[in-house]
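**Student:** sequence plus predicted model, see below.
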Amino acid sequence: MTATSESMAAALDRVIADVPGVTALYRTGGLLGQAVAAGKELLRPERESIPYVQLTDSGAHPSITVTIGVDERSATETCRLAYDTILTWLRANGHTDAAVSITVAHVTG
Amino acid sequence: MSPQDDLPELNGLALEPDDLNGHTVEELSAYLDADRTPPDPSIDESPGCQLALQAMQRLRGLSAALAEADAEAEEKSARDEGWISRILGAIAVDARAGRRIPIAHPDPMADLGITEGAVRGIIRAAEDEIDGVIIGRCRFTGDVTVPDEPIGIVVDASVLWGTSLPTIADALRTAIRRRLAAHTDLNVQAVDVTIHDIHQLPAEEEPS
């Protein structure tokens, strides 16, 4: 991930975390993907974390993959709201044709 | 039907490391014992571990009371150890992410879904609504990955002695249906509940 795409992913992390009903963001990609993320984390010069959002192509047509946890309100509604929120943010930031994939991996309560 | 649905019996608690982010059920149990301290991000940030911890915590509440009831009957206690192992095995299997179940959105470009593991967690949490019920194995019939496909839910449950089994089964069916309607787009046609075990709590002492 380039510095630009990484800052975009980090911004998306914050946008998604602020969606009502979202309780957690999880790393995508199973044990291997998480191990790679953990390895990258160790190599970082500063104490900052790898974004949870997986982003390919930060230009006009980005592809975004995110895994979330939600609270006891409707998981379907929270997932749809997260999608709408991401799309609104992307359009406001000049990314008009994005592919967004969201997976709910945990429901609290 | 997923491969895990074909398992006639769980092979102990031997699961792939990826299921619980590299952790074992025993490690998660120790983490609960330690009141989740010191915090372990590899557990706290894993949806599979969180699903398993949630279910194990509910199981502990009931099994502690059962252990007290069984203190005078070693044979029965040994039998219940097998029961608890089966439930723990089912919890660990449920924690697998499994298949991705679609969530509909008016935008045809939207790719939204919920993991099979999360849906099993939703079903299992119906335990909270009915006193003394613990859900064991939970399976789906029909292809949950196809939108609007008719789906059946099959759950095994354990209940406390003295409760009406039809009443408990009805309450569990209703709770599962309500929870799935709230959290998923699944087209649930049937919820089948099989009561596998009945357990007895200690009688309350008569006031003197």
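**Tutor:** In hand now; what should we look at? These numbers come from a predicted model, not from an experiment.

**Student:** the helices in chain B, which residues?
**Tutor:** In chain B, helices defined by DSSP state H lie at B:25-33, B:41-44, B:47-69, B:74-94, B:116-124, B:165-183, listed in chain order.

**Student:** let me fix that, I meant to ask about chain A.
**Tutor:** Going by DSSP H, chain A shows helices at A:3-17, A:30-43, A:75-92.

**Student:** check the ones you listed for me: which has the lowest mean pLDDT.
**Tutor:** Across those, the stretch with the lowest average pLDDT is helix A:30-43; it has a mean of 50.

**Student:** residue closest to the middle of chain A?
**Tutor:** A:Val53 (2.7 Å; C-alpha atoms, centre = their mean).

**Student:** what does chain B give?
**Tutor:** Nearest to the mean C-alpha position of chain B, counting by C-alpha atoms, centre = their mean, stands B:Arg124 at 3.9 Å.

**Student:** quick one: it from chain A, how far?
**Tutor:** 11 Å (C-beta to the nearest C-beta, to the nearest Å). All C-beta atoms are positioned from the backbone trio N, CA, C, and that covers glycine.

**Student:** from memory that residue sits against B:Ala52, does it?
**Tutor:** No. Applying C-beta atoms under 8 Å, one finds B:Arg124 not in contact with B:Ala52, separated by 10.2 Å.

**Student:** circling back to that earlier point, comparing the helices of chain B, which gets the lowest mean pLDDT score?
**Tutor:** Minimum mean pLDDT among these: helix B:74-94, a mean of 62.

**Student:** what parts of chain A come near chain B?
**Tutor:** Applying C-beta under 8 Å from any C-beta of the partner chain, one finds that chain A approaches chain B through A:24, A:26-27, A:30-31, A:34, A:67, A:69, A:74-76, A:79-80, A:83, A:87, A:99-109.

**Student:** if we use 6 Å, what do you get?
**Tutor:** A:26, A:30-31, A:74-76, A:79-80, A:83, A:101-107 (C-beta under 6 Å from any C-beta of the partner chain).

**Student:** can you select the buried ones from those in ChimeraX?
**Tutor:** Selection of buried members from the residues of chain A next to chain B for ChimeraX, criterion 16 or more other C-beta atoms under 10 Å in any protein chain shown:
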select /A:26,31,74,75,76,79,80,83,101,102,103,104,105,106,107
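
**Student:** tell me how many other residues crowd the spatially closest residue to A:Val70 that is not a sequence neighbour.
**Tutor:** Spatial nearest neighbour of A:Val70, chain neighbours left out: A:Thr78 (4.4 Å); criterion: C-beta to C-beta, 6 or more residues apart in numbering or on different chains. By the measure other C-beta atoms under 10 Å in any protein chain shown, the count of residues near A:Thr78 is 25.

**Student:** same check, this time on B:Ala169
**Tutor:** 20.

**Student:** mind listing what it touches?
**Tutor:** Taking C-beta atoms under 6 Å, 6 or more residues apart in numbering or on different chains, we find B:Ala169 in contact with B:Val193.

**Student:** and it, how far from chain A?
**Tutor:** From B:Ala169 to chain A the distance is 23 Å (C-beta to the nearest C-beta).

**Student:** perfect, I'm done here.
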